[in-house]
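S.K.: The sequence isn't on hand, but the structure is:
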Ligand code: THU
């Protein structure tokens, strides 16, 4: 699947966001290595700190569906005027399941996005060494 198509699914997923507090909708579309796509959105809570980002929501949902290998991730933030990158917690969380070259697109629109990868988003990811022991 093309990144443009995956990003389109992320934009659709953003419409399902539950974000009454920030009013900042985010959607994520996670391409699994079996060709399926798991979509998710950010889900906020009146106890603000419990809010879950779209990216982590997508990973958790995919794992719960038995998927373990992922090919690409697109994140859409249609309420922003510029591409908003995944937060630090999400970078750590995603890195648990993907390799350095894992492609990530984050963007506000079809005209305003960034194509990057996990290595750029989360360099010096030493915790993988712990998992390998
Ligand atoms: N958010 C995401 O879901 N993903 C990001 O990459 C950036 C931030 C959410 C968290 C919160 O619900 C809202 O956007 C504002 O920070």
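M.R.: Arrived safely, thanks for sending. Because the structure is a prediction, the values reported are computed rather than measured.
S.K.: what ranges do the helices span in this protein?
M.R.: Assigned by DSSP state H, the chain shows helices spanning 3-14, 54-64, 88-95, 118-121, 127-131.
S.K.: Looks like residue 30 contacts residue 73 (just checking).
M.R.: Yes - contact status for residue 30 versus residue 73: in contact at 5.3 Å, counting by Cβ atoms under 8 Å. Heads up, the C-betas are built off the backbone N, CA and C, glycines and all.
S.K.: which neighbours do the two share?
M.R.: Common neighbours of residue 30 and residue 73, using Cβ atoms under 8 Å, 6 or more residues apart in numbering, are residue 58.
S.K.: Would you tell me which residues of this protein are close to the ligand?
M.R.: Residues of the chain lying close to the ligand by Cβ under 6 Å from any ligand atom are 19, 22, 24, 26, 42, 44, 51, 53-55, 75, 84, 86-87, 90.
S.K.: Low-confidence regions, this protein specifically.
M.R.: 132-133 (pLDDT under 70).
S.K.: what's the distance between the residue most central in space within the chain and residue 12?
M.R.: In the chain, the centroid-proximal residue (Cα atoms, centre = their mean) is residue 55; its distance is 3.0 Å. Counting by Cβ to Cβ, to the nearest Å, the separation of residue 55 from residue 12 is 16 Å.
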